[in-house]
Structures are given as structure tokens and as C-alpha cells.
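> Coordinates only, no sequence provided:
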């Protein structure tokens, strides 16, 4: 059995033990004694292990086991549970069902959410209407009214906060002993470009929206009949009705909608889940479609100026993450490495890819 198969088998066994022995979980989900909850691995990410299991009534749920925390909060799993509670009014996110951050939970805690049907957005195999569905989901979540007391982190300047995260990742890489001169030069150039952008950027005018911050294609589950779904009378501003489900809420914030839209169309984003590099010429069409989907539920404010800045910051985030990952996976903490990361990382750090994002995102 290879390394990845062993990790999957160990993770599934851990989930099975928890589902069979957790009294609070079984009580919260109304599972009778003797009913077996059998986990089936959905995927292993950098921060969560995901399992699907059937409930007594025939419906399905997802068990998420947290294995690594995101920055800016101390309790990853409870933070994610609260984010799902806040996003429920959008109608396109999973329903939060149970959370356990006690010492009895595996990993760093678990949550259970409703299982969402649909196929992942796939830029290598797009069907008519797929991108419209993803855009509509983003707009619907962004339009959810929220208060400062919702529990989500709200950075005073989201761009600056992201830049500081990238700085820390770069410092970790430089201190790792695994740095490469070529990559260091590229990252230093990108950091200088981002610093110039930040020096010129005005403070954000609107940062009061639920923002996923990681709008990867795999986070959008598209209905099978997306292309044919009619938009009801009186809702003509929508791109599509019942667009699907927007999943994976491990690091949302209260922030700027431009962050999610810029991330969605970045070449560093689409290439992670496919072989597709989002072309710059198609970006204006996505932006126009997004504001049609918003349909006047909130104002445009300084979106256009901030979008350009977030396009650069998205590429900086990706590059700094890859450099940190390069060091981490070569060091002593290389145990939890996904197959996707192992395959994509060399491409992201190649000279060709660095030249691409330098020209498209940093104007270098």
C-alpha cells in the first residue's frame, strides 16, 4: 500500500471510530442505538478530512475533521461552524448540523454539515451555464446581511492583512533552509510590486460581506440541469435560479467582494483544480455577470479599483503558499501532503508559471 492509500485508510478508520462512539453526535443527529454510521472518504485537503455518511432517514451528511488551523483565530472548527450559520440565508451553502471541539474529537475538532448534491465546477469540461451558476452563488452569499457580532474576522484593511500573511509565509520559507535562489528572486520582485500597490491603495469603502476568500472551482457544486433552469418571473436580475451549492468554508471573513471575484478568475486558482488558465480577456465578462447577479442588493463602491489590487494579491498569496509548502513538505512535517499538492507544486514554482503571473498579475 502506498503512502496516500495508507493515509486514506488511517483517516477513514479514525472517522469510523468517532461516528460509532460519539454520544453527543449521535444524539444531535437523532441516530438510534445500533445504527451504524459508515464514513466514505470524499477528500483530504490541507486543513480538513471530509467523509460522507448516511443518516437513518436516508439523507446524507458530511463529517469534516480539522487537521490544521487557518490564521486569525484559535478554534478552526467552531469558526467554520459559525461561518456556515451566518451564510445559511444565502440558500446555497451547507446546513451546519453539529460541532465538537472537545478533547474527544479527532484531530483539532469536527463538524457535521448537510451533504450537498452536484458536480464540481470543472474548467476542463464546462457545460453551458456552469460559470453563471458559480457567479450567482458568490453574489447570493455576498448579499447576505450580516452584523459585526456574527463572529467572522473583519480586518480593517483586508489587502494589508493578506499581504502580512504572505510576508510571514515568505519569512518561514527563507528560514527553512530549503530556499532556492531563483524562487527567492521572483518572490522578492512580487513583494516589491505588492508594496507599491498598497502604498497607492485607498482604504476599502465596503468590507461588510461574507467572503469565502478561496473561491476554487471545486468549491462550487453545480446542478446537473444548470443550463436549462429557468429564471422565475420577477427575478430577471439573476443569472440562474437554484444555482447549486457553495461549499468549503474554512477561512471566510467579513470583507470585500472583490477578493472573491478576483480569486475566482485568477490563473493561480483555476489551474489548481484543472489544466485551465483563466484568460485575462474573459475577466470583464465575468465582472459584468457578477454585478447582474448582485441585482442591486448592494452597491459597487470601489470594487473596480480594489479588484485590480486583489488580482495581484491573489497571485502573491498563491506564490507565498507554494514557497511555504515547498519548505514544509521537504522538512520534518511532511506527513500530511495531498496528491494534488504533490503534483501541482512543481508546476506552480516553474519558471514558465512565474513568468506568466509576473506579466498578468504583477505587470512586471
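Nice, I can see it. None of the values given here were measured: they were computed from a predicted structure.
> Does residue 166 lie in a helix or a strand, and which?
Per DSSP states H and E, residue 166 falls inside helix 158-174.
> Which is the succeeding secondary structure element to that helix?
helix 181-200.
> Identify the residues contacting that next one?
Residues outside helix 181-200 that contact it (CB atoms under 8 Å, 6 or more residues apart in numbering) are 159-160, 163, 166-167, 170, 173-174, 309, 312-313, 315-316, 319-320, 323, 326, 349, 351, 354, 358, 362-364. Any C-beta I mention is one placed from the backbone N, CA and C, and that applies to glycine too.
> Could you give the number of residues near residue 364?
Neighbour count for residue 364, taken as other CB atoms under 10 Å: 14.
> host element of the nearest residue to it once chain neighbours are set aside?
Nearest non-adjacent residue to residue 364, counting by CB to CB, 6 or more residues apart in numbering: residue 358, 4.2 Å away. For residue 358, the enclosing helix or strand under DSSP H and E is helix 351-360.
> do residue 65 as well
Residue 65 is located in strand 60-66, with elements delineated by DSSP H and E.
> So which bits of that strand are buried?
Neighbour-count burial for strand 60-66, counted by 16 or more other CB atoms under 10 Å, picks out 61-66.
> who does that strand pair up with?
strand 48-54 (antiparallel), strand 110-114 (antiparallel) (DSSP bridges).
> and it, how far out from the chain's middle?
Remark: strand 60-66 is offset 16 Å from the chain centroid, using CA atoms, centre = their mean, to the nearest Å.
> I'd assumed residue 307 was in contact with residue 287.
Yes: judged on CB atoms under 8 Å, residue 287 makes contact with residue 307 at a distance of 7.1 Å.
> residues bridging contact with these two, i.e. touching both?
With CB under 8 Å, 6+ apart, residue 287 and residue 307 have common neighbours residue 261.
> related to what we said a few turns ago, pull the residues that contact the strand holding residue 65.
11, 14-15, 18-19, 29, 39, 42, 47-55, 76-77, 80, 94, 97, 105-115.
> Could I have the buried ones of those as ChimeraX selection syntax?
Entered in ChimeraX, the line below selects the buried ones among the contacts of strand 60-66, by 16+ other CB under 10 Å:
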select :11,14,15,18,19,29,39,47,48,49,50,51,53,54,55,76,77,80,94,97,105,106,107,108,109,110,111,112,113,114,115
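> residues in contact with the residue nearest the centre of the chain?
For the chain, residue 214 is the residue whose C-alpha lies nearest the centre (CA atoms, centre = their mean; 3.1 Å). Residue 214 is in contact with 248, 250-251, 263, counting by CB under 8 Å, 6+ apart.
> where does the stretch 151-300 of the chain have low pLDDT?
When residues are selected by pLDDT under 70, those of the stretch 151-300 of the chain lie in 225-236.
> and residue 192, how far is that from residue 243?
Residue 192 sits 40 Å away from residue 243, going by CB to CB, to the nearest Å.
> and which of the buried residues of strand 60-66 is nearest residue 119?
Checking the buried residues of strand 60-66 against residue 119 with CB to CB, the nearest one is residue 62 at 16.0 Å.
> From residue 29, how far out is the closest one?
From residue 62 to residue 29 the distance is 12 Å (CB to CB).
> and for these two, which residues touch both?
residue 112.
> show me the contacts for residue 87.
93, 141, 144, 210, 246, 249, 252.
> Need the nearest residue in space to it, chain neighbours excluded.
residue 93 (4.3 Å).
> From residue 246, how far out is the one you found?
Taking CB to CB as the measure, residue 93 falls 5 Å from residue 246.
> for the helix or strand that contains residue 315, the distance to its chain's centre please.
Using DSSP H and E, residue 315 maps to helix 303-330. Relative to the chain's own centre, helix 303-330 is displaced by 13 Å; criterion: CA atoms, centre = their mean.
> quick one: contacts of the helix or strand just after it?
Sequence-wise, the next helix or strand downstream of helix 303-330 (DSSP H and E) is helix 339-348. Contacts to helix 339-348, defined as CB under 8 Å, 6+ apart, come from residues 4, 46, 268, 271-272, 318-319, 322, 325-326, 329, 353.
> Only the buried subset of those residues, as a PyMOL command please.
Applying 16+ other CB under 10 Å to the contacts of helix 339-348, the buried members can be selected in PyMOL as follows:
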select buried, resi 46+268+271+272+318+319+322+325+326+329+353
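> quick one, what contacts the residue nearest to residue 364?
If you count contacts by CB under 8 Å, 6+ apart, residue 358 has them with 186, 189-190, 364.
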